[in-house]
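A.B. asks: How does the following fold in three dimensions:
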Amino acid sequence: MSHSHDDRLLPQMYLLEQPVARAALATTDIVDRIATGVADLEIAPGARIALGIGSRGIDQIVLVTRTIVAALRARGAQVFAFPAMGSHGGATGPGQLKVLASLGITDETLGCEIRSSMETRIVARIAVDHTDLPIHLDAHAAAADGVIVVNRIKPHTHFRGPTESGLTKMLVIGAGKHEQALAMHAHGVTGLRDLVPVSAQALVDTGRVLAGVALIEDGEHRLSHVEVIPAGQIRTREPDLLRQARSLMPRLPVDDIDLLVVDRIGKDISGTGMDTNVVGRVRALDFAGFERPRIRVVYARGLTHATAGNAIGVGLADLVHQRLVEAIDPVSTAVNAMTGGSPQTAAVPITATSDAEALSHFDRYLRGARPTSEVRLIRCRDTLSLQRLLVSRAVAEVAPADSTCTPVDLRWTADQDFGSVRGYD
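C.D. replies: Predicted coordinates:
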């Protein structure tokens with residue numbers, strides 16, 4: 001990679017392609033699995049079913065949710081959807097509708113009404129530290145005859161446990177709206193790991209939950225598993241699905257990195273903007289991060305459109321591009337970060353007006369004693385897109401043997417931002 005202004009800034013770069021798990025389902029398989037699973041559920045004729053949908057950018061989410069609605073209606077059910085996303089969307093009903101719309105989910109695309117508000121009902125309680133912790137449920141969902149939530153199963157961004165990010169979490173923190181998210185996050189990482197499963201089971205025990213639809217994506221962010229799980233089986237089935245999801249997750253090719261450049265962050269990429277399982281940093285009040293990888297400097301370049309200005313995770317970076325800062329919605333970002341007990345993830349780092357300026361900061365102040373030729377630099381589109389990376393020679397030389405590396409010449413555009421690279425963009 002060359003730089004016409006100062007060749008010291010960047011070592012020779014390569015396009016690295018690393019193999020990732022490929023197991024994408026065909027559209028017909030997705031539809032058939034949902035139809036079969038819904039057909040096996042016990043649904044009374046005319047039952048009012050509330051379908052909870054989250055804020056993640058899940059592959060084929062419109063097809064999945066639309067198919068669930070159609071399958072329920074085929075059983076004679078009356079169906080409506082509701083946002084099951086805790087405090088996202090600025091913790092407002094209209095804001096959460098906007099998040100769903102950014103994912104392509106509307107009344108028209110679903111084929112049913114979406115009812116969005118932040119009002120909840122207390123439907124159960126659990127004992128915590130000699131007191132009762134109320135279990136909240138979206139008020140619209142609480143008035144229904146049954147609740148179904150649909151979510152991707154994946155490792156959580158803050159902790160390790162038998163169930164992490166998936167149906168169990170969505171039943172509690174998602175469907176419980178801002179009230180429940182605040183209550184759970186108040187107990188920190190331990191609360192998320194230990195209290196959420198207990199709370200989800202208490203909710204299931206009320207008889208209000210009909211089922212969960214579990215989704216798993218492969219290493220290319222393609223839907224690879226769809227399973228309709230009756231409510232009583234979620235607690236025992238989800239740990240197996242989490243292990244499956246973890247085995248499919250792509251990772252960075254090395255653990256020790258001097259500079260990681262992330263082209264975009266957003267809620268549709270990860271609940272923390274960039275996946276902490278990939279970058280290793282967490283920065284919650286009671287948990288700094290995972291053991292690996294170890295990254296000296298992270299530079300984030302922009303926000304996704306679907307994140308609607310929510311820049312949670314910006315504080316996981318050390319440097320950011322001005323365009324990212326200009327796209328931030330400070331209200332939704334602050335609410336999300338504070339609710340999650342991780343205000344540092346909303347803190348805006350040192351801002352650069354161009355890639356050249358950001359790399360100059362790294363080279364002059366943050367690189368350390370390592371010679372430029374030995375700098376381990378990786379650039380990715382986002383933390384979901386790790387099949388094709390731009391890496392420095394120092395990374396290419398130690399990359400796994402099943403990876404392929406091709407030299408590239410990454411030139412600057414007139415405003416000194418990265419130009420396009422064939423095979424990467």
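
A.B. asks: Kindly confirm my reading that Asp29 is in a strand.
C.D. replies: No. Counting by DSSP: H, G, I helix; E, B strand; the rest coil, Asp29 falls outside a strand, being helix.

A.B. asks: element containing the residue nearest to it when sequence neighbours are not counted?
C.D. replies: Once flanking residues are discounted, Asp29 sits nearest to Val226: 7.8 Å by Cβ to Cβ, 6 or more residues apart in numbering. C-beta here means a position set from N, CA and C on the backbone, and glycine is covered the same way. If you go by DSSP states H and E, Val226 is part of strand 223-230.

A.B. asks: Tell me which other helices or strands the next helix-or-strand element following that strand touches.
C.D. replies: Reading on from strand 223-230 to the C-terminus, the next helix or strand found by DSSP H and E is helix 234-248. When contacts are defined as 3 or more Cβ pairs under 8 Å, 6 or more residues apart in numbering; DSSP states H and E, helix 234-248 sits against helix 167-169, helix 196-205, strand 209-217, strand 223-230.

A.B. asks: Specify which residues of the stretch 1-150 of the chain, grouped into ranges, have pLDDT under the cut-off.
C.D. replies: 1-9 (pLDDT under 70).

A.B. asks: Please enumerate the strands of it.
C.D. replies: For the stretch 1-150 of the chain, the strands defined by DSSP state E, counting those that start in this stretch cover 13-17, 48-53, 78-83, 113-114, 120-128, 131-138, 146-152.

A.B. asks: can you redo these as a markdown table with distance to Arg301 and mean neighbour count?
C.D. replies: Shown next, in a markdown table, are these (distance: least, Cβ to Cβ, whole Å; neighbours: other Cβ atoms under 10 Å):
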| stretch | distance to Arg301 | mean neighbour count |
| --- | --- | --- |
| strand 13-17 | 16 | 22 |
| strand 48-53 | 29 | 25 |
| strand 78-83 | 29 | 23 |
| strand 113-114 | 33 | 16 |
| strand 120-128 | 38 | 15 |
| strand 131-138 | 36 | 20 |
| strand 146-152 | 25 | 25 |
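
A.B. asks: What about Arg364, how many residues nearby?
C.D. replies: Using other Cβ atoms under 10 Å, Arg364 is surrounded by 10 other residues.

A.B. asks: is it true that it lies in a helix?
C.D. replies: Yes. Per three-state DSSP, Arg364 lies within a helix segment.

A.B. asks: now it: how far from Leu259?
C.D. replies: Per Cβ to Cβ, to the nearest Å, Arg364 is found 13 Å from Leu259.

A.B. asks: From Thr372, how far out is Cys405?
C.D. replies: 19 Å.

A.B. asks: Then Val320?
C.D. replies: Distance, Val320 to Thr372, using Cβ to Cβ: 22 Å.

A.B. asks: who's more crowded, these two?
C.D. replies: Applying other Cβ under 10 Å to Val320 and Thr372 shows that Val320 carries more neighbours, namely 26 against 17.

A.B. asks: coming back round to it: take the strands of the stretch 1-150 of the chain and lay them out in JSON lines including distance to Thr168.
C.D. replies: What follows is those, written out as JSON lines (distance: least, Cβ to Cβ, whole Å):
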{"stretch": "strand 13-17", "distance to Thr168": "35"}
{"stretch": "strand 48-53", "distance to Thr168": "13"}
{"stretch": "strand 78-83", "distance to Thr168": "18"}
{"stretch": "strand 113-114", "distance to Thr168": "23"}
{"stretch": "strand 120-128", "distance to Thr168": "14"}
{"stretch": "strand 131-138", "distance to Thr168": "13"}
{"stretch": "strand 146-152", "distance to Thr168": "9"}
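
A.B. asks: Which one of those lies nearest to Asp409?
C.D. replies: Smallest distance to Asp409 across the strands of the stretch 1-150 of the chain (Cβ to Cβ): 8.0 Å, for strand 13-17.

A.B. asks: strand partners of the closest one, parallel vs antiparallel please.
C.D. replies: strand 388-392 (antiparallel), strand 404-408 (antiparallel) (DSSP bridges).

A.B. asks: average pLDDT for the next helix or strand after the first one?
C.D. replies: Right, strand 388-392. Once the chain leaves strand 388-392, the next helix or strand it forms, by DSSP H and E, is helix 393-396. The pLDDT scores in helix 393-396 average 95.

A.B. asks: Touching helix 393-396 from outside, list them.
C.D. replies: 11-14, 16, 253-254, 257, 373-378, 405 (Cβ atoms under 8 Å, 6 or more residues apart in numbering).

A.B. asks: how is this structure carved up into domains?
C.D. replies: For the chain, the structural domains run 13-20+250-408, 27-248, going by automatic domain parsing.

A.B. asks: Let me have these in CSV, adding distance to Gln416 as columns.
C.D. replies: Shown next, in CSV, are the domains of the chain (distance: least, Cβ to Cβ, whole Å):
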stretch, distance to Gln416
domain 13-20+250-408, 4
domain 27-248, 30
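
A.B. asks: Among those domains, single out whichever gets nearest to Gly423.
C.D. replies: domain 13-20+250-408 (5.1 Å).

A.B. asks: The closest one spans what distance, first to last residue?
C.D. replies: 6 Å (Cα to Cα, to the nearest Å).

A.B. asks: Please apply the same query to stretch 396-416.
C.D. replies: 25 Å.

A.B. asks: What residues sit buried inside that stretch?
C.D. replies: By 16 or more other Cβ atoms under 10 Å, the buried positions in stretch 396-416 come out as Ala396, Ala399, Ser403, Cys405, Val408, Leu410, Trp412, Gln416.

A.B. asks: Pull the most distant pair out of those.
C.D. replies: Farthest pair in the buried residues of stretch 396-416, by Cβ to Cβ: Ser403 and Gln416, 29.9 Å.

A.B. asks: one step back: most tightly surrounded among the helices and strands packed on helix 234-248?
C.D. replies: helix 167-169 (a mean of 29; mean count of other Cβ atoms under 10 Å).

A.B. asks: Next secondary structure element downstream of that one?
C.D. replies: Using DSSP H and E, the next helix or strand after helix 167-169 towards the C-terminus is helix 177-185.

A.B. asks: what sits up against that following helix?
C.D. replies: By Cβ under 8 Å, 6+ apart, helix 177-185 touches 86-87, 91, 118-120, 133-136, 138, 172-173, 176, 191-192, 195-196, 199, 335, 339-341.

A.B. asks: In space, not sequence, find me the middle residue of this protein.
C.D. replies: By Cα atoms, centre = their mean, the mean C-alpha position of the chain lies nearest to Ser270, the distance being 2.1 Å.

A.B. asks: ok, now which ones touch it?
C.D. replies: Contact analysis of Ser270 by Cβ under 8 Å, 6+ apart lists Thr157, Thr276, Gly313, Thr383, Leu384.
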